[in-house]
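Enquirer: build me a model:
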Amino acid sequence: MSSTFFVPNAFEKFKIPTTLNINLEDLEQRYFKAQQKHHPDRHRSSASHQESNLAAAAFNEAYQILKDPLKRAAHLLKCLGWIDPVENPETQKDSSLLFLMMELNEKIEKATTIEEKQSLASFLKQEIQKNWTDLENSIKKNDRANSLSLLNRLTYLSRLQQNLIK
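Expert: Purely as a prediction, here's the structure:
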């Protein structure tokens, strides 16, 4: 995950609840309002123009974080103080995940028929949904270790899902 220079808390930037599940339509509306308000062309003086550039960049960065589920989850855990801003959550490995990823990668490589690929896609979709629910529950229970593990698992599952689509 990239570090956030402008945005210590993207949720606060848009004045939305600091939760895993957010209303994306509401986020998009808030983003467009912020971009209109802080658009550099609306500010003529050079100081004002520079400030609006920085504000627009900060809102853009916050929006990019919040609209992407994995970035949002990592940012939420960072806001909770569970991830150091310079630490990469993927460094926390677990052997069962490693074996699962190796097995799934092998299945993806061997999948040649549409049916095999659809079956794998369905499995990955279910796993991702299950892990999102587990992550949400883990956060509610203030279970830092499990939340980090689930974020790591979701990151890998999402990558596999993207690789399957390619």
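Enquirer: can you list the domain ranges for the chain.
Expert: Residue ranges for the domains of the chain, per automatic domain parsing: 10-79, 89-165.
Enquirer: kindly reformat those as CSV containing mean neighbour count and mean pLDDT.
Expert: C-beta: built from backbone N, CA, C; applies to glycine. As requested, those are arranged in CSV below (neighbours: other C-beta atoms under 10 Å; pLDDT from 0 to 100):
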stretch, mean neighbour count, mean pLDDT
domain 10-79, 16, 88
domain 89-165, 15, 90
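Enquirer: can you give me the offset of stretch 63-72 from its chain's centre?
Expert: The gap between where stretch 63-72 is centred and where its chain is centred comes out at 4 Å by C-alpha atoms, centre = their mean, to the nearest Å.
Enquirer: what does that stretch rub up against?
Expert: 1, 4, 7, 10-11, 14, 16, 20, 22, 24, 27-28, 31, 75, 132, 151, 154-155, 158 (C-beta atoms under 8 Å, 6 or more residues apart in numbering).
Enquirer: one more: stretch 109-123?
Expert: For stretch 109-123, contacts defined as C-beta under 8 Å, 6+ apart pick out L104, K107, I108, Q161, L164, I165.
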